[in-house]
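Peer 1: Starting from these lines, generate the structure:
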Amino acid sequence: MSSGVPSVSDMAEPPSAPPHDGMAWVPGGVFKMGSDAHYPEEAPAHLVHVDGFWMDRHAVTNTEFRRFVDATEYVTVAERRPSKADYPDARPEMLQPASAVFRSPDRRVDLRDPYLWWIHVKGAQWRYPRGPGSSVRKLGDHPVVHVAWEDVQAYASWAGKQLPTEAEWEFAARGGLDGVEFAWGAELMPLGKPMANTWQGEFPVENLLLDGYEWTAPVGSFPANGYGLYEMTGNVWEWTTDWYSTQHASSADHPCCAPVNPTGGAPEQSYDPLYPRVRIPRKVIKGGSYLCADNYCRRYRPAARSPQQIDTPTCHLGFRCIVRPG
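Peer 2: Presented below is the predicted three-dimensional model:
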């Protein structure tokens, strides 16, 4: 198992040419997944084996998503009116096409209440990322956002690709650097240089913009990792196929060897225990976003993970696809 920059012998040759433009080969292997040093849901750190696969070098962009929409006339979840039958407890104003948008408060707030900066904005969707009046017209090379799980599944199917498991995603994000904290090494800002689009300053009231970006950055704005993948952490969270569980499975469950290509938990175990009446399963999202800060959500790390309800798009959540050989 590697603990530093991969050598040539570590980098298994791809089985063929890339199946689609803009994909990089991720060689697969055994790595230490998760972390025992950060948030409890990342524990326990444990060995996992993943097979090699191709992965998009960057998150799916607005331009790429528009091609899909133009070809299929697809309507995203954020553009649809929610059904009262599906959400019987919802207030009438919530049953409108809408999505979650970040709004910075005008004063310091209680960080335990995310509703102090998340706003349900009518009309917010992938074309209008900050709500009506905004546009992606000049953001073609930025990651598409406001995409729910159903939306990313539809895109992947149309593109002839798949979505990554949490283990595949985390292995790829590490870029061959097993056991280090960040996708690029041990320091958040080596030589004072931002390596990802995150929040610098006191979240959610002061963003110092040391990385140059208030919201999303164009894909490829920051250095690629060891596998040639851009913005695997920061910029936007990314969907994975795993159903969320509050912790990783223990290594004791696999005493003889590392599990191969694990696929996570079960949907019925992924519901939010804080809202027992809300029976909407949650997927694991990875990578953190431009809203992750030192004082809140320090999740711009490969091991970091968070739950996301499958019906809930936001202004800081996107995705990228993979192709498994064979």
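
Peer 1: tell me the phi and psi of the nearest residue to G265 once chain neighbours are set aside?
Peer 2: Nearest non-adjacent residue to G265, counting by C-beta to C-beta, 6 or more residues apart in numbering: S245, 3.9 Å away. Placement of C-beta: from N, CA and C, glycine included. Note on S245: backbone dihedrals following degrees, to the nearest 10 are phi -130, psi 160.

Peer 1: quick thing: my sequence starts at 27, can you match it?
Peer 2: That works, and once the first residue is 27, the last one we named lands at S271.

Peer 1: residues touching S271, list them.
Peer 2: Contacts for S271 (C-beta atoms under 8 Å, 6 or more residues apart in numbering) come out as 290-291, 295-296.

Peer 1: swap the cut-off to 10 Å and go again
Peer 2: Contact partners of S271, counting by C-beta atoms under 10 Å, 6 or more residues apart in numbering, are 67, 192, 290-292, 295-296, 308, 310, 331, 333.

Peer 1: do you know how far it is from Y316?
Peer 2: In this view, S271 and Y316 are 27 Å apart by C-beta to C-beta, to the nearest Å.

Peer 1: same deal with R107?
Peer 2: Going from R107 to Y316 by C-beta to C-beta gives 29 Å.

Peer 1: what's the answer for Y141, then?
Peer 2: From Y141 to Y316 the distance is 19 Å (C-beta to C-beta).

Peer 1: Show me which strand runs longest in this structure.
Peer 2: Scanning the chain for the strand with the most residues, using DSSP state E, yields strand 263-269.

Peer 1: Only the buried residues of that one, if you could.
Peer 2: 263-269 (16 or more other C-beta atoms under 10 Å).

Peer 1: and if you look at stretch 288-308?
Peer 2: Across stretch 288-308, burial judged by 16+ other C-beta under 10 Å covers 288, 290-291, 296-297, 307-308.

Peer 1: Can you tell me which of the residues you listed end up in strands?
Peer 2: Reading strands off these with DSSP E, I get R308.

Peer 1: now, among the buried residues of stretch 288-308, which is nearest to P44?
Peer 2: Nearest to P44, judged by C-beta to C-beta, of these is P288 at 25.4 Å.

Peer 1: distance of the residue most central in space within the chain from R331?
Peer 2: Closest to where the C-alpha atoms of the chain average out (C-alpha atoms, centre = their mean) is E264, at 1.8 Å. Distance from E264 to R331, counting by C-beta to C-beta: 11 Å.

Peer 1: okay, and the common contacts of the two?
Peer 2: Residues within reach of E264 and of R331 at once, by C-beta under 10 Å, 6+ apart, are 195, 310-314.

Peer 1: can you give me the helices in the protein?
Peer 2: Taking DSSP state H as the criterion, the chain carries its helices at 88-98, 175-185, 192-200.

Peer 1: Dump the contacts of S271 to CSV, plus pLDDT.
Peer 2: Shown next, in CSV, are the contacts of S271 (pLDDT from 0 to 100):
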residue, pLDDT
E67, 97
E192, 98
G290, 88
G291, 88
A292, 93
Q295, 93
S296, 96
R308, 98
V310, 98
R331, 98
P333, 98
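
Peer 1: that older thread, residue contacts, the residue nearest to the centre of the chain?
Peer 2: Going by C-beta under 10 Å, 6+ apart, the list of residues near E264 reads 82, 85-86, 169, 178, 189-190, 195, 199, 257-258, 310-315, 343-346.

Peer 1: What's the end-to-end length of stretch 63-79?
Peer 2: Stretch 63-79 has its terminal residues 29 Å apart, counting by C-alpha to C-alpha, to the nearest Å.

Peer 1: tell me which residues in that stretch are buried?
Peer 2: Buried, per 16+ other C-beta under 10 Å, within stretch 63-79: 67-69, 71-79.

Peer 1: Distance of the residue nearest to V262 when sequence neighbours are not counted relative to V178?
Peer 2: Once flanking residues are discounted, V262 sits nearest to G344: 3.9 Å by C-beta to C-beta, 6+ apart. Using C-beta to C-beta, we find G344 at a distance of 8 Å from V178.

Peer 1: which residues do the two both contact?
Peer 2: Common neighbours of G344 and V178, counting by C-beta under 10 Å, 6+ apart, are 86, 91, 170, 264-265.

Peer 1: Out of those residues, flag the one nearest to W241.
Peer 2: Lowest distance from W241 to the shared contacts of G344 and V178 (C-beta to C-beta) belongs to V170, with 13.0 Å.
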